[in-house]
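> pasting the sequence and the predicted coordinates here, then a few questions.
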Amino acid sequence: MLFDADAHYAPKDAYDNMKGAYRHMRPRIQADGVGFTMRFLGRNHPRVAHSFPLDQTCNFERRMQDLDRLGIDCQLLFPSHSGIYQEITDAGAARDLVQSHNDGMAEVQKKSNGRLISTFCLTLQHPDVALEELQRCAKMGMRVAVVCPNVDGGALDDLPLWDFWAEAERLGVVLALHGDSDSKLVGHERFNRWRLFNCLGFPFDYMHGIVCMIYSGMLDRFPNLKIMLAEAGVSFLPFLEDRLNDTTETFHSPLAYDNFDIRRKPANKRPPTEYFQMFHHAVGLDESLLDFVIAKYGAEKFLIGTDYPHPDAHMNVAHSVEKLSSMSKEAFEAITWKNAERLFGVKAVPKANPKTVAAE
């Protein structure tokens with residue numbers, strides 16, 4: 001069995017059929033002489049690549065065929081513009097636009113008979129609206145929320161969001177962090193060339209998000225949060241862990257500790273190293289340090305992600321997983337399926353239809 005924990009989809013029909021006062025603000029997927037792009041909030045998305053393949057991105061039947069062709073049993077679907085919803089200052093517009101998107105994604109999940117798991121978007125810049133949408137989507141059977149590592153350039157641990165994190169923990173919803181190259185990620189002012197939004201911006205934004213969750217005490221307050229990080233790579237994890245351990249020692253040094261006001265001191269109750277065990281990761285198979293990182297943090301924390309159908313997608317994933325053949329059978333099964341079964345609640349159905357899975 002093979003679970004793809006990082007793929008992308010846009011519910012074009014839901015955008016086109018949106019009703020109400022904010023219909024004029026809906027995402028529009030349009031074509032010019034170069035190709036198809038999404039026009040949303042006055043600019044094209046994604047900015048790192050002007051065009052994207054329409055059928056692979058928006059056509060449900062094509063996606064189901066592609067799963068069979070690629071040898072993928074189940075796939076987790078992300079949008080490519082989740083961070084952009086967090087730029088909408090009008091709370092009513094933000095609510096209606098994410099509901100249109102989420103309703104479209106819920107329909108895709110329902111039609112797939114369990115083979116597609118849809119994430120749902122949120123407007124964390126409006127915490128009360130985000131909390132209501134979290135509850136609404138959970139009632140619809142959606143169990144994975146996509147969270148941009150920055151909230152329109154702000155931090156994940158801002159105090160107005162803590163009621164939201166509490167409700168996410170109570171509902172058992174998975175918080176799937178996914179970078180957005182069009183958002184105000186760390187360093188975005190200097191990354192407008194060479195695809196640096198993805199190359200550097202994604203891991204920098206994730207590192208800042210991880211630090212905020214640890215040092216704010218958020219992970220102590222909500223120890224049962226289910227968190228997965230997608231498409232940032234994982235080779236930075238040991239580096240970040242070392243930096244946080246060093247910084248923590250500095251704060252507790254008798255030469256420096258009293259020099260920081262109380263709001264600037266870390267509030268975590270345990271060593272930073274211990275919190276890294278709370279995170280799951282969707283990874284490609286092309287990182288040179290992947291074996292080392294998996295050995296350090298444990299195979300139970302990692303899942304395969306293709307990034308399909310983006311230009312950097314791992315198109316031959318069913319063949320590429322053979323790179324993991326040096327692992328134990330238990331570790332291989334964990335990374336390719338068992339971890340998803342445990343985290344997302346997917347289960348294999350009888351062998352009469354081996355390509356179909358069903359949610360609990």
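That came in fine, so what should we check first?
> rest of the way, CA atoms for contacts and neighbours
Noted.
> could you list every residue that touches residue 283?
Going by Cα atoms under 8 Å, 6 or more residues apart in numbering, residue 283 touches 230, 231, 232, 233, 234, 302, 303, 304, 305, 306.
> so which of these are in strands?
Per DSSP state E, strands hold the following members of those: 230, 302, 303, 304.
> which ones are touching the second one?
Applying Cα under 8 Å, 6+ apart, one finds that residue 302 lies in contact with 280, 281, 282, 283, 294, 334, 335, 339.
> kindly recompute the last result at 7 Å.
280, 281, 282, 283, 335 (Cα atoms under 7 Å, 6 or more residues apart in numbering).
> let me know the secondary structure of the closest residue to it other than its chain neighbours.
If you skip the residues right next to it in sequence, residue 302 has residue 281 as its closest partner in space, 4.9 Å away by Cα to Cα, 6 or more residues apart in numbering. Using DSSP: H, G, I helix; E, B strand; the rest coil as the criterion, the local structure at residue 281 reads strand.
> OK, contacts around residue 281?
Taking Cα under 7 Å, 6+ apart, we find residue 281 in contact with 228, 229, 230, 301, 302, 303.
> how about the contacts of residue 302 in JSON lines, adding pLDDT?
JSON lines is the format used below for the contacts of residue 302 (pLDDT from 0 to 100):
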{"residue": "280", "pLDDT": "97"}
{"residue": "281", "pLDDT": "96"}
{"residue": "282", "pLDDT": "94"}
{"residue": "283", "pLDDT": "91"}
{"residue": "335", "pLDDT": "93"}
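> just put these in TSV and tack on distance to residue 10.
Putting the contacts of residue 302 into TSV (distance: Cα to Cα, whole Å) gives the following:
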residue	distance to residue 10
280	24
281	23
282	20
283	22
335	26
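> pick the one among those closest to residue 200.
For these, the minimum distance to residue 200 (Cα to Cα) is 16.1 Å, reached by residue 283.
> show me what the closest one is bridged to.
Using DSSP bridges, the beta-bridge partners of residue 283 come out as residue 304.
> and it, how close does it get to residue 159?
31 Å (Cα to Cα, to the nearest Å).
> got it, and residue 287?
Counting by Cα to Cα, the gap from residue 287 to residue 159 is 36 Å.
> same check on residue 136?
For residue 136, the distance to residue 159 (Cα to Cα) stands at 22 Å.
> before we move on, back to that, from the contacts of residue 283, which two are the most distant?
Farthest-apart pair in those is 234 and 306; separation 14.5 Å (Cα to Cα).
> among those two, which residue is more densely surrounded?
When neighbours are counted by other Cα atoms under 10 Å, residue 306 comes out ahead of the other of residue 234 and residue 306, with 24 against 21.
> now the more buried one: phi and psi?
The phi and psi torsions at residue 306 (degrees, to the nearest 10) take the values phi -100, psi -30.
> flag the least confident of the contacts of residue 283.
The member of those with the lowest pLDDT is residue 232, and it reads 83.
> quick one: residues contacting that one.
202, 203, 206.
> buried subset of those residues as a PyMOL selection?
If you want just the buried ones from the contacts of residue 232 in PyMOL, going by 16 or more other Cα atoms under 10 Å, the selection is:
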select buried, resi 202+203+206
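> can you redo the contacts of residue 232 as a markdown table with secondary structure, distance to residue 3 and pLDDT?
As requested, the contacts of residue 232 are exported to a markdown table (DSSP: H, G, I helix; E, B strand; the rest coil; distance: Cα to Cα, whole Å; pLDDT from 0 to 100):
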| residue | secondary structure | distance to residue 3 | pLDDT |
| --- | --- | --- | --- |
| 202 | helix | 23 | 82 |
| 203 | helix | 23 | 86 |
| 206 | helix | 23 | 91 |
